[in-house]
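Undergrad: Pasted the sequence and its predicted model underneath.
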Number of protein chains: 2
Amino acid sequence: MTVTNSKAETKPAKATGSMSEKMALKKLSKIIYFFADGKADGNATLKSTLGGKGANLAEMTALGLPVPPGFTISTEVCQAFFDAGEKLPAEVVKAIDEAVDRLEKVTAKKMGSTTMPLLVSVRSGARASMPGMMDTILNLGLNDQTVEVLAKVSQNPRFAWDAYRRFLQMYSNVVMGMNGSFLDVILEDLKHDKGYKNDTDMSADDLKALVAKYKKNIIEHTGRAFPLEPREQLYGAISSVFKSWNTPRAVTYRELHGYPDSWGTAVNVQSMVFGNMGEDSATGVAFTRNPSTGEKKFFGEYMVNAQGEDVVAGIRTPEPIETLQKIMPRAYQELVDTYQKLEKFFRDMQDIEFTIERGKLYMLQTRTGKRTTLAALRVAREMIEEKLITEEEAILRIDPKGLDQLLHPTLDPDAAKTKLTKGLPASPGAAVGQIVFTSEDAVDWAEKGKKVILARIETSPEDIEGMVKAQGVMTSRGGMTSHAAVVARGMGKCCVAGAGEIDIDYRAKTLRVNDYVLKEGDYITLDGSTGEVFLGEVKTVPPRLEENFTFIMALADKYRTMGVRANADTPADAVQARKFGAEGVGLCRTEHMFFNADRIDVVRQMILADEREERIRALDKLLPMQREDFIGIFSAMDGLPVTIRLLDPPLHEFLPQSDSEIRELAHRIKWDENSVRSKIRNLHEFNPMLGHRGCRLAITYPEIYQMQARAIAEAVIELMKKGKKPIAEIMIPLVGMKEELKRLRRLVEVEVGRVQEELGLKFDVKIGTMIELPRAALIADQIAEYAEFFSFGTNDLTQTTMGLSRDDSARFLSTYVSDGILPFDPFQTIDREGVGELVKKAVEFGRQTKPDIKLGVCGEHGGDPQSISFFYEIGLHYVSCSPFRVPIARLSAARAALEQKKAERLQ
Amino acid sequence: MTVTNSKAETKPAKATGSMSEKMALKKLSKIIYFFADGKADGNATLKSTLGGKGANLAEMTALGLPVPPGFTISTEVCQAFFDAGEKLPAEVVKAIDEAVDRLEKVTAKKMGSTTMPLLVSVRSGARASMPGMMDTILNLGLNDQTVEVLAKVSQNPRFAWDAYRRFLQMYSNVVMGMNGSFLDVILEDLKHDKGYKNDTDMSADDLKALVAKYKKNIIEHTGRAFPLEPREQLYGAISSVFKSWNTPRAVTYRELHGYPDSWGTAVNVQSMVFGNMGEDSATGVAFTRNPSTGEKKFFGEYMVNAQGEDVVAGIRTPEPIETLQKIMPRAYQELVDTYQKLEKFFRDMQDIEFTIERGKLYMLQTRTGKRTTLAALRVAREMIEEKLITEEEAILRIDPKGLDQLLHPTLDPDAAKTKLTKGLPASPGAAVGQIVFTSEDAVDWAEKGKKVILARIETSPEDIEGMVKAQGVMTSRGGMTSHAAVVARGMGKCCVAGAGEIDIDYRAKTLRVNDYVLKEGDYITLDGSTGEVFLGEVKTVPPRLEENFTFIMALADKYRTMGVRANADTPADAVQARKFGAEGVGLCRTEHMFFNADRIDVVRQMILADEREERIRALDKLLPMQREDFIGIFSAMDGLPVTIRLLDPPLHEFLPQSDSEIRELAHRIKWDENSVRSKIRNLHEFNPMLGHRGCRLAITYPEIYQMQARAIAEAVIELMKKGKKPIAEIMIPLVGMKEELKRLRRLVEVEVGRVQEELGLKFDVKIGTMIELPRAALIADQIAEYAEFFSFGTNDLTQTTMGLSRDDSARFLSTYVSDGILPFDPFQTIDREGVGELVKKAVEFGRQTKPDIKLGVCGEHGGDPQSISFFYEIGLHYVSCSPFRVPIARLSAARAALEQKKAERLQ
């Protein structure tokens, strides 16, 4: 066909080689890095040549640890393999043969030997672990003869034949390219014929029969016999590791992470050891400290006369590691010495795998141990105290995201649960309560002392009071930054959003999910950290904020240079934020103050007003209320800056939509019902996100911002007169044109000036703007003429730059992320290439005009570690996030500063 | 107050002077440029020194034309005036005095003389005309003495006193800074006391009394007496002209147009002549050719014994210019000689003003004559034939926007009309018909032979059939690029959009506008070129496309280098577009094909399908229909490229919304009503513009694009087999990430390849994308890897870049434009700073990856002359616009090419 192909479409993966790359083949310096008996060709610094795994194996060997001997084939060979047309070059084969010879010598075993057969594992190992690549082939070297030896020495023929069967299955699939399902069918047939339920029901003889059938089947499907010759098996396995470097999934993964194709993978070949060679053999896993609590105590379990697989299969219960001391005291002591050496060497808690073969300890793996955040904090602190690591290192070791768990109640991990469905983990924590379907019901029930979960298709600002009263919020629609999600996070309230499987019927007051139908009053439990929804009441555990947390937070503050503020709309939010260490309010959304029951109708009268005078009358009523709001927030943040965003959302968001609500409103405010209805209809917008909102409202109705400016100024002066130190910053939202800001800045200045004159006190107020439209970023140099600060509204900037509504995109965005079209949800982590590029440009342009312009961010990204790192890189002065994310932001900011320092040191 | 002021806020206007500018004062070379009696210091090339007006007066004088003598004060003096603290420097005053002396000499009159008083006019004159600046003060030199002389020589005391009264009023306001309303009140009081209705009821004595009162009042309000000394009057007037250079309106205007403050304005002082000095005096205006038809024949009118003002006031009916020959043969002959000289000199049709004072002709003004497009075409063509101008010049003289009038029927300018309201001129032409309120009614009534106007609050794709059948469309909501506007323009159908005063009640089938209530069946008339709506049936005249049009279009094609295509969704559109000269289809919106009554239900079944199989069944039914659509369009555009955009809008746009429609649909397609309802509810989006649409649909439902790709390929091959030359280009909309295009390109290629194999014929197809999201523009280098062409969707790009919904912004955008926050509606003319910058970047990035990538634009801007000029500048290969704008685009493209050539020549 002649359908035009873009050049890039057919571009070969780099590793498949150009002429110049073939030339590189000549330069293959060292093919094999051997490790055995305390000596290794490589070490931990050679990750680019040996991959992560190979480098660590070499290092452990060099440390004198008992590592089963083996060798690593250098990553350079990967390139040579592709250059040679996906073949192992002769010199490589030769080198492998020599290495095997040497391995046979040090192990006193021989591949294919019917007395002492050498079995090996073959593993891939790139610089970074990469999904889509071949993982491990175990027991390579097994064939019809050696299997019998294995059966004998393990005294477990079933194990031996099962190992052989698995080896055949894996090898035929991975190395010989056979569809795995053919052999699966044979296995299933056998089980069916014999009436077996589980694989474990099969006897050694069954497995032996199966091996015969497998081999026959392999010939039928591949036209080739399974290679019985161990070295031939080895060449095939090694080639497969190299080939797996270019599987589509691995290529895509590299593209997404920006890893170059030229890295290549190494191959690790290591002699097998067996923990199932009798009662003097064992296998186990352990942590050098307790991974749940961080306690400095050897922690782990083992099984006598068993292989790693047996532990996983759960055939027997493993024993706690301490008991090993009694039964194999020498091996145990060696293990203890080893783990201590490892922790000292790697200077971090290790997760180790070991096998004891006939009383002799072998270390199979060591890696940094995964731990809970609680443990991470304790380990970090104690390792500083032990002088094992520096403060900087401690900070760099704690994943900021994990702090979330500490700040909210969580589900008891041991409780039994019935999962109903899974939505988005919109706001962490756990919540248990009775389902209600309206905000009013939530308020009513809560006032009667009931704990409720507010279940809505989606929430709107009208639902805020219900959300406040509910234990948690669940929506069937909307994304991570939907109204429900954003507001809940702000409140620190548990929320599961966009649980699309749930079908809510408001009229019937029921919800349907899979086969369940729940009605009002039924109990459910939400896990806002995972997005899961459970039936009934699941036990929860309260948050634990202890001194290790405080210690690490103080360290973070010591090392970070970027400020951390909070998004807070109420005095309560502000108090909470300050408690978590916020250094001010980066975003106070005045509109949230408009929704209180006692003022919403006044707001509505203001909106529905036909005449300016009428509007001003309503605004006059709002003025004292707004002033009180600001007094509350300024007081909570006394001495710290508070950035107040003037009214932003489209006015119709404040109006009721349903017929009955409209009727009631008209009645309450004594208006003609039809004219209310027609006004509401008139205010309807197709795309409110892009409509009459933000500063556009004030261009049309300047009196709104005038009132707000006055309320702020009056609040500031009132507090000043009481000896307090309010610091107000006024922010104009949704500016897209210089002229908008110029005019509204003037309007605010004039009004503030008027209040100062009236009340006889002066004060400074910074006036700035949100940068939340692509156009604003593109003309930031012009906008900076009229702004003392920019606050990047990266939520809206993401929506407009990507053309992606955060309320509507949940429907397809998860597919985008899971399919790798996007590396992550751009509403959670900033899209550097697009949105980030605009932020960067705006920073540059803004500074061109005003070098000392203050720069911050107040979108959801302000609480996301990866995004914070980006904001640090481009030189923002502060981030602002919801109160409950402030600790995360503090730690992330410290990490960003340290990462940069580290990078600079490396340069 | 200490509210922080940004530096820029208090930046003084440049003209108010820095030290370095004060130094410039020394260099004032020539202050005065005198012109009299065939000799002038200046000429037409000195526009920067003399302003436009002064330069032309000098030129006319030098041409030997009878221009009342006078002098121009150079624009340099404007700077000096501000540098001196808004005072006329002594050397300037001296120069003015000398110039006045000289003027008195050449006119044999003297300022303030009680026998032969010299009266002058004072006018501003910058390089370009600029609103907000002082225009003209006439009859300067009048005072209590000279007014009597004027009364005597004009034999018209009322005229003299009225002139004095007006002079006082203007002078006190403009020069002395007095609020004009004070004098207005005195005038109104007098009229009220005397029982007069009009100003013209006042007698000479009334006016004399008024003058006395005015003078008294001026002292009271300004504390200064009105200066009776003529030279003092003159200094004041000149100073005021300079001051008016810095009125806020003039400053804003300059800012918006990028005119530097340093230009300054010139001042023209010219002796007055009077056409009301008796029966041997006259005044008139004339055109050197007929401004309506372009006919080469002197055309104008005059009035004996009258002043310019009298002609405007319409006291008497002016006479046709030819009759002047009889009563003042000598003056007439001189006038004819003069106009011919002027036309030859300026090489364009002139609009002239003249006065005959006591038998002597004076030329007061000449300027390029405004003309209808019809006249412009004829004049341009005939002037080429007369060898007066070149082809290039001819093209540059025709305003492309005017062509619109020619392509549509227009209202008879002589018909009587009752205007109901005014909306936006959304799609030009005139339409008369009976009001209907639904698309169905439009279809029904039209089928019964009635002419209807479809009146809707707004239209949706469901209204398309009604729009097709209606004579014209009117909406009460939506902007110039609302659905109604865009679709109507595409059809070449008259449309008035966003007529906000109209209140439509669908239930009652009535519309209310101001005091009128119209019901279904009442006649109205729309003028889509002005946005006006008239009561009843107004007579229209058909479009006139004659040979001058064809001639100029052929010229345009000769000089343009940029291609012009059309946006066409149906074969009929394509035929129309080709007739207007389109060189292909730049945008074929496949979704418009989905709305036909015979397929919409199949489309809906496709959308409502729960399972992929079900969806594919529905798509299979759509396939032959789509194929037929494409066959039709390819046939109409045989041999020319057709860019087909795959499905773009959110799916819910295809679904019914009202309860009854949903019920009917469920019944028709035999589905459960509740599940239809719930599915529709599920598809609802808050911001559909930013939702699940464009290529996102195909990521989720690849089978939709597969079907479309197949339909295109099958259509191409069917036509190829018939010997035709279909050229298909497939366009993927709303791409924001490289990966989207990469995958969908592959999908389309595979499907097209499949069809080629099945049908045994191969062909080339280009695959490209719309660039319509800021992110796409920012990563255009990556996107270009998978695109053979970019088509800029500047409608959507404007919406996202500016965060401005075209459907919702009508409400405030007009205020933005009228208040000068935006220079124009960004949906009509591209916003160069924001949206344009992104387009430019994308062009640059796209070419980095693929130097020969094809670049076009298919947004509404493709038919806007200013925007076309921008697209030419940044190097796009073609523009695409609605069929009826194709001629405009052809001409604009030619002009853009010639403008650039001209600019390059000037460099």
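TA: Structure received.
Undergrad: Which one of the residues in the stretch 451-600 of chain A is closest to chain B?
TA: Distances between the stretch 451-600 of chain A and chain B by Cβ to the nearest Cβ are smallest at residue A:503, namely 6.9 Å. (Each C-beta comes from the backbone N, C-alpha and C, glycine too.)
Undergrad: Next one: that residue from residue B:676, what distance?
TA: Look at residue A:503 and residue B:676: by Cβ to Cβ, to the nearest Å, they are 14 Å apart.
Undergrad: One more: residue A:100?
TA: With distances defined as Cβ to Cβ, the gap from residue A:100 to residue B:676 amounts to 69 Å.
Undergrad: same check, this time on residue A:502
TA: As it turns out, when the distance is counted by Cβ to Cβ, residue A:502 lies 19 Å from residue B:676.
Undergrad: pLDDT below threshold where in chain A?
TA: A:1-27, A:131-132, A:256, A:309-316, A:480-481, A:490, A:544-545 (pLDDT under 70).
Undergrad: Now residue A:518, what are its backbone angles?
TA: phi -110, psi 140 (degrees, to the nearest 10).
Undergrad: Report how many residues lie close to residue A:513.
TA: Burial measure for residue A:513: 19 neighbouring residues, criterion other Cβ atoms under 10 Å in any protein chain shown.
Undergrad: on that earlier part again, residue A:503 and residue B:676: which has the busier surroundings?
TA: Remark: of residue A:503 and residue B:676, residue B:676 carries more neighbours, 20 against 15, as counted by other Cβ under 10 Å.
Undergrad: Hmm, that one is touching residue B:668, no?
TA: No - counting by Cβ atoms under 8 Å, residue B:676 sits too far from residue B:668 to count as a contact (10.4 Å).
Undergrad: that older thread, show the contacting residues for the residue of the stretch 451-600 of chain A closest to chain B.
TA: Applying Cβ atoms under 8 Å, 6 or more residues apart in numbering or on different chains, we find residue A:503 in contact with A:476, A:511-513, B:678.
Undergrad: so which of these would you say is closest to residue A:585?
TA: Comparing these against residue A:585 with Cβ to Cβ places residue A:476 closest, at 32.4 Å.
Undergrad: Surely that closest one and residue A:457 touch.
TA: Yes - under the criterion of Cβ under 8 Å, residue A:476 lies in contact with residue A:457, with a separation of 5.2 Å.
Undergrad: tell me, what's touching the two both at once?
TA: Common neighbours of residue A:476 and residue A:457 (Cβ under 8 Å, 6+ apart) are residue A:504.
Undergrad: Now the residue most central in space within chain A. Nearest residue, chain neighbours left out?
TA: Chain A has residue A:401 as the residue nearest its centroid, 7.3 Å off, counting by Cα atoms, centre = their mean. Using Cβ to Cβ, 6 or more residues apart in numbering or on different chains and skipping the chain neighbours, the partner closest in space to residue A:401 is residue A:865 (6.1 Å).
Undergrad: Tell me, how many residues neighbour the one you found?
TA: 20.
Undergrad: Let me see the contact set for it.
TA: With Cβ under 8 Å, 6+ apart, residue A:865 has these contacts: A:399-401, A:888, A:891-892, A:895.
Undergrad: picking up where we left off before, SS state for the residue nearest to the centre of chain A?
TA: Following DSSP: H, G, I helix; E, B strand; the rest coil, the label given to residue A:401 is helix.
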